[in-house]
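K.L.:
From the sequence below, what's the structure:
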Amino acid sequence: MVDVAASCIFLATKTEECGRKLRDVARVGRAKILNTDLNNVPADSQEVDNLLAAILLTEEYLLEAICFDFVVESPHAELVDLLDAYEKDVMIREFAWSLAHDSYRTPLCILYPPKVIAAACYVLAQHISDGPLSPSLDARISASSPSASLPTPPSHKPPSPDASRYAIEHFTLTETELASVSGLTLNIHMLVNI
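P.N.:
As a prediction, the model looks like this:
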């Protein structure tokens, strides 16, 4: 199990262009196995050499499992397009950007397409900006716009669910993608403990 984790880390350092020496990764892996300080693990020990060999072997299986596909698309480009086209509020822009950036610390970027993550970040940024009395996330992502059935007085700015719906319309999301945005928004919401 440790060899798989160490192989994933070693492969990730290669793909993110922050390479680490294989021996260093094996040494850190060995320190984790022993639950000891890195300084207590000699770089030239037989255990480190064994883990080094296991990492290389496991790396081959990992590469085959992912079909040598290292491309992970970022939601940032999609989010920039959306924000440039519609959003002028700096606070919402910053919230959305932070959420998109924080999504990289989760497996979301390999589970959802970038436009779904960008839409979810935008919807959640609207929700955060509106504060504790803001409309629910479900109201923001519903299949039809809330203002389509309720008149809005001309003196008021459009309610934020309408503004949140712009992301759905901007990306022309399918029903499946809309359901993904709904689930993803709730996942991100729980992750950031808002």
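K.L.:
quick one, longest helix in the protein?
P.N.:
Taking DSSP state H as the criterion, the chain has its longest helix at helix 46-65.
K.L.:
Which elements pack onto that helix?
P.N.:
Counting contacts by 3 or more Cβ pairs under 8 Å, 6 or more residues apart in numbering; DSSP states H and E, helix 46-65 packs against helix 2-15, helix 22-34. Placement of C-beta: from N, CA and C, glycine included.
K.L.:
Packing partners of the last one?
P.N.:
The reference is to helix 22-34. helix 2-15, helix 46-65.
K.L.:
check contacts around the closest residue to Tyr104 other than its chain neighbours.
P.N.:
Nearest residue to Tyr104 in three dimensions, chain neighbours excluded: Ser74, at 7.8 Å (Cβ to Cβ, 6 or more residues apart in numbering). Residues near Ser74 by Cβ atoms under 8 Å, 6 or more residues apart in numbering: Ala100, Tyr104, Cys109, Pro114.
K.L.:
outside of the helix or strand where Phe95 lies, which residues touch it?
P.N.:
Here Phe95, judged by DSSP states H and E, is contained in helix 90-102. Contacts to helix 90-102, defined as Cβ under 8 Å, 6+ apart, come from residues 74-76, 79, 83, 87, 117-118, 120-122, 124-126, 128-129, 188, 191-192.
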